[in-house]
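Participant: Sharing a sequence plus its predicted fold:
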Amino acid sequence: MPGLIFAVLVIIALWRVFSKAGKPGWYAIIPILNVYTLVKIAGKPGWWTILFFIPIANLIASLLVSIDLAKAFGKSTAFGIVALWLFSIVGYFILGFGSAKYQGADSAAV
């Protein structure tokens, strides 16, 4: 039961993040598509999705995507590491329901 509650909360948070980034919110429900969408919002190439399925590489890829996702929403690298990577559910809720605006994947490269 706690796993189901956690999954629903993640879907709600990602739905809002995707919507803010101009993507369909329902992408948050579809496995693999939600990872692909997150990677694209962060400004990384789509093939990075594959890295999320390779042990050790997934840790590095998820860290880099979290940092770039934070920057794409005008947040700091520290926010990306702490809120989006270490405490992802909290970070996604802050992005989705907070005042952060999606500035585009190009701002993640800065």
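Facilitator: Now that the structure is in, tell me what you want to look at. Numbers count the residues shown, from 1 in each chain.
Participant: Select the longest helix from this protein.
Facilitator: helix 2-20 (DSSP state H).
Participant: What's the mean pLDDT across that one?
Facilitator: What helix 2-20 shows for mean pLDDT is 95.
Participant: Next: stretch 44-55.
Facilitator: Stretch 44-55 comes out at a mean pLDDT of 97.
Participant: Check which helix or strand the residue nearest to the spatial centre of the chain maps to.
Facilitator: The residue lying closest to the centre of the chain (C-alpha atoms, centre = their mean) is Leu38, at 4.7 Å. Following DSSP states H and E, one finds Leu38 within helix 33-41.
Participant: And the helices in this structure?
Facilitator: Going by DSSP H, the chain shows helices at 2-20, 33-41, 48-51, 57-72, 77-79, 88-97.
Participant: quick one: buried residues of the shortest one?
Facilitator: Which is helix 77-79. Within helix 77-79, the residues that count as buried by 16 or more other C-beta atoms under 10 Å are Phe79. (C-beta placed from N, C-alpha, C; glycine too.)
Participant: so what does that helix touch, helix or strand wise?
Facilitator: Counting contacts by 3 or more C-beta pairs under 8 Å, 6 or more residues apart in numbering; DSSP states H and E, helix 77-79 packs against helix 57-72.
Participant: List of residues touching the helix it packs on?
Facilitator: If you take C-beta atoms under 8 Å, 6 or more residues apart in numbering as the criterion, helix 57-72 is touched by 21, 38-39, 41-44, 48, 51-52, 76-77, 79-81, 83-85, 88, 91, 95, 102-105, 107-110.
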